[in-house]
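Trainee: Sequence and computational prediction follow.
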Amino acid sequence: MKIFTAVLATETNTFSPICIDQRAFEASLYAPPGTHPDTPTLCSAPITVGRKVATLKNWHLVEGTAAWADPAGLVNRETYETLRDEILDQLRAAMPVDGVVLGLHGAMVAAGYDDPEGDFLARIRSIVGKDTLVCAELDPHSHLTAKRLAAADFFVAFKEFPHTDFVEQAENLWHLAGETLVGNIKPAMSSFDCKMIDIFPTSRQPMRGFVERMKALEKSDPDILSISAIHGFMAGDVPEMGTHIIVVTNAQKEKGDRLAKKLGLELFALRGKSLFPLLCPAEAVCEAIAQPAHPVVIADVWDNPGGGTAGDATVILEEILSQKATNIAFGSIWDPVAVQICIAAGEGAEIPLRFGAKSAPGTGNPVDARVRVKKIVHDAHMRFGQSSVPFGNAVVVEFDDIEVVLNSTRAQCFDASLFEVMGIEPASKDVLVIKSTNHFFDSFDNIASRIIYCSAGTPYPTDPKTTRYLKAPKDIWPLVDDPHAKAG
């Protein structure tokens, strides 16, 4: 068997002012054929898993380019087209192939392209023909379009949010691909539009139970090959934005259609019930410093670079200063200029520094302080499962018994190792402030006495009812109370 694999992925917050060009991919991951590292990124596990599968089965794996950019705003049109055509040319050179296995995110938007993945998949299908296997792994925070469904044989998405199972689901993707290629199964993909947009953390009920139900159905029914919940991405203003269910069966399309609808309506019944309680900054800081056991984690859920924001908001830091809280570590604030200034000053230097709140309204005010440059780390990385995530050149500045990590490459805080590589022992702090919605959960739940989710500032469109969508569907909840009743 000869299989082609490649990655083209990012998540686009169409409201974000941080645009993506080639340099953004190079800062996160740009790996031409043969140069992808042994460790995967969030969307490139199909390559690293594919290597193991090909070796085990003695198949010929042709690796194309892997390109992943950390979430931000609109992708430059030339950048998308250049990366797309680079991979398509590699596929043409590899032809004929028996299958194409891809790593995608599913929420990319480029200038001139509301559905880049649909465009990419359709072009792949035109190259390989209708009978060649085409499949991909998706992030659940993606869009599921008719064009994608028509071009691919099947999709498998991460089940967990936090996305701790991205390697496991890549293994499932390859298992289904392998069984298809040798003729043991005939995948049929069904989907259902839940007609809603919401946030579904799987680390808590009721979404925890829904995920377990999907897994149980996969194990108990031999006709069911895979079930995925596409949560959707509310910061992506595109015509087919929203939540969907995917069911892949073994040649049982009608059964898959029925199950997708059943599960989709069950998920719709959970609307508005999944999001964790959110405190305002004053409440979050007050409760954190009042806790008898430490460390307490405050998650700045909306200024999350993993959702495409800049990650430079200072709203919670300003509140910490206002309440005179101490023994705090803050990870991190994106400010390449401040990082450059600190590197020039050197470790141990005491300097006046202005940092943060440069990207957009609603992110607070720049902080002015006399700081000590405590630590400098070039090309810093943190862990996320089996992945290594870059956050660029980074520094720790200290003032008023507060330590702040400043980074030059935007990245959310996936793991406590962000602090550790910067010389900060997380368990020694009273409060850890991080920028992430829920990807951090598995790591910090092990050390935190409490996790407080905080809604701070307005860098992210958090309420679909008030978000000024131009392209998103108007017939979905919460814009419509019950779109299924209306449709029926």
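Mentor: Noted; the coordinates are in hand.

Trainee: tell me what the longest helix along the chain is packed against?
Mentor: As assigned by DSSP state H, the longest helix anywhere in the chain is helix 77-94. Other helices and strands packing on helix 77-94, by 3 or more C-beta pairs under 8 Å, 6 or more residues apart in numbering; DSSP states H and E, are strand 2-9, helix 22-28, strand 60-68, helix 116-128. Just so you know, the C-beta spots here come from the backbone N, C-alpha and C atoms, and that holds for glycine as well.

Trainee: Would you tell me which one of those is buried the most?
Mentor: A comparison of the helices and strands packed on helix 77-94 by mean neighbour count, using mean count of other C-beta atoms under 10 Å, puts strand 2-9 on top with a mean of 26.

Trainee: Can you get me a residue count around the closest residue to I199 other than its chain neighbours?
Mentor: Leaving aside its chain neighbours, I199 sits nearest to L275 (4.9 Å; criterion: C-beta to C-beta, 6 or more residues apart in numbering). For L275, the neighbour count with other C-beta atoms under 10 Å is 17.

Trainee: Surely L275 is in a strand?
Mentor: No. The assignment for L275 is coil, going by DSSP: H, G, I helix; E, B strand; the rest coil, so no strand is present there.

Trainee: That one contacts S203, doesn't it?
Mentor: No. L275 lies out of contact with S203 (C-beta atoms under 8 Å); the separation is 11.8 Å.

Trainee: which residues touch A6?
Mentor: Residues near A6 by C-beta atoms under 8 Å, 6 or more residues apart in numbering: I47, E63, G64, T65, A66, I87, Q90, L91, L102, G103.

Trainee: picking up where we left off before, tell me how far the residue nearest to I199 lies from H175.
Mentor: To H175, L275 is 33 Å away according to C-beta to C-beta, to the nearest Å.

Trainee: quick one, phi/psi of L406?
Mentor: phi -110, psi 130 (degrees, to the nearest 10).

Trainee: Around it, how many other residues sit close by?
Mentor: 31.

Trainee: And for I289?
Mentor: Using other C-beta under 10 Å, I289 is surrounded by 18 other residues.

Trainee: Make sure it is indeed in a strand.
Mentor: No. The assignment for I289, made by three-state DSSP, is helix rather than a strand.

Trainee: what's the nearest residue to it if we skip its chain neighbours?
Mentor: Nearest non-adjacent residue to I289, counting by C-beta to C-beta, 6+ apart: A325, 4.9 Å away.

Trainee: for K195, same thing?
Mentor: Leaving aside its chain neighbours, K195 sits nearest to P483 (4.1 Å; criterion: C-beta to C-beta, 6+ apart).

Trainee: What spatial separation is found between the one you found and S190?
Mentor: P483 is 20 Å from S190, by C-beta to C-beta.

Trainee: Report the separation between H378 and P305.
Mentor: Distance, H378 to P305, by C-beta to C-beta: 20 Å.

Trainee: Please identify which of those two sits among more neighbours.
Mentor: Taking other C-beta under 10 Å, H378 and P305 do not tie; P305 has more neighbours (26 against 10).

Trainee: How about the contacts made by that one?
Mentor: D70, P71, A72, G311, W334, R410, A411, Q412, K435.

Trainee: Need the pLDDT of G488.
Mentor: G488 carries a pLDDT value of 53.

Trainee: which SS state does L176 fall under?
Mentor: Following three-state DSSP, the label given to L176 is helix.

Trainee: ok, it - contacts?
Mentor: Residues in contact with L176 (C-beta under 8 Å, 6+ apart) are C135, F154, V156, I185, P187, L225, S226, V248.

Trainee: R51 reaches L61, doesn't it?
Mentor: Yes. R51 lies in contact with L61 (C-beta under 8 Å); the separation is 6.3 Å.

Trainee: For the residue most central in space within the chain, which non-adjacent residue is closest in space?
Mentor: Per C-alpha atoms, centre = their mean, the C-alpha nearest to the average position across the chain is that of G306, at 5.4 Å. Once flanking residues are discounted, G306 sits nearest to Q412: 3.8 Å by C-beta to C-beta, 6+ apart.

Trainee: Pretty sure the one you found sits against D303.
Mentor: No. Applying C-beta under 8 Å, one finds Q412 not in contact with D303, separated by 9.4 Å.
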